[in-house]
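S.K.: The sequence and its predicted three-dimensional model are supplied below.
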Amino acid sequence: MGRTVPSFTQKILAIQSEWGKFRRVLRKEEQELLDELFNFAKYHSAPASYFSPPNPMEPVFMAMLIELLKEIKRLRSELIETKLSAASDQRSAGGRREA
């Protein structure tokens, strides 16, 4: 029988376990952030297993970066929409006169 190759999710869990000592010394809110970063990596386990690099940390970090960049872009878009809405509100309020 051949060897069983661990899934990429199993590799991520092993890496997460290796980072356990680091996690334990973080503050509670930072531990939650680190857990969230590893969840990002798990979310992208299919592309990572397809890539299958010698060092599994590369796709783990790349998945984390992708998710962080998506969040930055979402927040940037939300900020632009808020600014545009506020500017529009100011223009409409500026057209009205007080009685």
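M.R.: Ah, there it is. Numbering: from 1, shown residues only.

S.K.: What is the burial count for the residue nearest to A48 when sequence neighbours are not counted?
M.R.: Setting aside the residues directly before and after it, A48 is nearest to P59 in space (CB to CB, 6 or more residues apart in numbering), at 3.6 Å. C-beta coordinates here come from the backbone N, C-alpha and C atoms, glycine included. Residues lying near P59 (other CB atoms under 10 Å) number 23.

S.K.: Determine the set of other helices and strands touching the helix or strand where P59 lies.
M.R.: Here P59, judged by DSSP states H and E, is contained in helix 57-95. Helices and strands touching helix 57-95, by 3 or more CB pairs under 8 Å, 6 or more residues apart in numbering; DSSP states H and E, are helix 8-18, helix 28-43, helix 45-51.

S.K.: can you list the residues that contact the worst-scoring helix or strand of the chain on mean pLDDT?
M.R.: One helix or strand of the chain scores below all others by mean pLDDT, DSSP states H and E: helix 45-51, with a mean of 89. For helix 45-51, contacts defined as CB atoms under 8 Å, 6 or more residues apart in numbering pick out S7, F8, T9, I12, A41, P56, P59, V60, A63.

S.K.: mind redoing it with 6 Å?
M.R.: F8, T9, P59 (CB atoms under 6 Å, 6 or more residues apart in numbering).

S.K.: For the most centrally placed residue in the chain, which non-adjacent residue is spatially closest?
M.R.: The chain has E67 as the residue nearest its centroid, 3.3 Å off, counting by CA atoms, centre = their mean. Nearest residue to E67 in three dimensions, chain neighbours excluded: F40, at 3.8 Å (CB to CB, 6+ apart).

S.K.: Quick check: the gap between the one you found and P47.
M.R.: According to CB to CB, to the nearest Å, F40 stands 12 Å off from P47.
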